[in-house]
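K.L.:
Okay, predicted coordinates and the sequence, questions at the end:
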Amino acid sequence: MVGSEVPNLLEEGAAATLVVSQDLDVGVPVSQHAALRQRLDELDEFEPSAEEPSVWTPRSPDLLELNFVGIDPAQDPAEAYVLEDDRLPLLVFGALSLVSRGAELEIGGTRLALPRPAGLLLEKLVTDRTGEKGERDLLVALGVLDTSTTQDLDELETLYRRLRPELRHAVRSNLTILSLLAPRPGMPDPQSRRAEVAALLRRLEAAATEAP
C-alpha cells in the first residue's frame, strides 16, 4: 500500500479516520511484476479498466478500485517510465524509489505490507503535483505526518539530506503549499496543523544549509 489509505492504517488500531480514499494504490516492485501477473486471476471481485489497464475496477460499489503502480529502487526520483505488458502495464514513478517496506498488518485475515512513513512522506513531498489531485496528495502527506514518530522524522531528515538540491527545494515548496491549503471534507485539517508543518519546514531548511 502506498497511497491515501496508509495514514488510516498507520493510526492506532487502524482506526481509518484520517483520510477518505478514492482508490487503493498498490506498489509493485518491478522485480515482482511477473509473480503478481500470475496471480491476477485471484482478483475475482475486480476487472481491468478498459481505459487504464493498470487500474482494476471493483464489481461491487462497496469496494475501492485498485491502482497498481511500479516501484524501482534504482530509479531516479525525478524520472518515470512505463513497464510495458499486455495484461498489467505499470507506470513506474521515480519518487516511489524513496519508499521502502515497513511494518505489516493483518486485517480480516489479510496481511498488508505498509511503507516506512519517512519514505512515503518524502515521496509525497518531492513529487510535482497540481490541481485537486495535488492538493489531496499533500493532505495525505499531512496524514502521514500526523501519525509519524520522532524516529520517523529523524529518518525523513536523513533521506532528505541525500536528495539533490532541486529535489530538496521541491520538498520545501510542497510543505509551504501544504501550510496554505484550505480544509477539505474527509481529509486532515491543514489549518489546525500549521504549526507542525512549519516546524518540519524549519527543520528541513536548516538541514538544507548543512547538506553538501
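P.N.:
Sure thing, it's come through. Residues are numbered from 1 along each chain as shown.

K.L.:
Quick check, pLDDT for residue 20.
P.N.:
Note for residue 20: predicted pLDDT of 61.

K.L.:
my bad, should have said residue 207
P.N.:
pLDDT, residue 207: 91.

K.L.:
same check, this time on residue 16
P.N.:
Listed pLDDT for residue 16 reads 54.

K.L.:
from here on, count from 55
P.N.:
Got it, the first residue is 55 from now on, which makes the last one we talked about residue 70.

K.L.:
same question for stretch 88-103, mean pLDDT?
P.N.:
For stretch 88-103, mean pLDDT is 92.

K.L.:
What residues sit buried inside that stretch?
P.N.:
By neighbour count on 16 or more other CB atoms under 10 Å, the buried set for stretch 88-103 is 100, 102. C-beta coordinates here come from the backbone N, C-alpha and C atoms, glycine included.

K.L.:
try stretch 176-186
P.N.:
176-181.

K.L.:
One more: stretch 114-130?
P.N.:
120-126, 129.

K.L.:
Alpha carbons of that stretch, in CSV - could you do that?
P.N.:
Extracted in CSV, the C-alpha atoms of stretch 114-130 (Å, rounded to 0.1, in the frame of the first residue of the first chain):
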residue,chain,number,x,y,z
SER,A,114,-19.2,-4.1,-6.2
PRO,A,115,-19.9,-0.4,-5.3
ASP,A,116,-18.8,-1.3,-1.8
LEU,A,117,-15.1,-1.7,-2.9
LEU,A,118,-12.5,0.8,-4.0
GLU,A,119,-10.7,0.5,-7.3
LEU,A,120,-7.1,-0.8,-7.3
ASN,A,121,-4.4,1.3,-8.9
PHE,A,122,-1.2,-0.7,-9.5
VAL,A,123,2.0,1.5,-9.6
GLY,A,124,5.5,0.3,-10.2
ILE,A,125,8.5,0.7,-7.8
ASP,A,126,12.1,0.6,-9.0
PRO,A,127,14.6,1.2,-6.2
ALA,A,128,17.3,2.1,-8.7
GLN,A,129,15.3,4.8,-10.5
ASP,A,130,16.0,8.5,-10.3
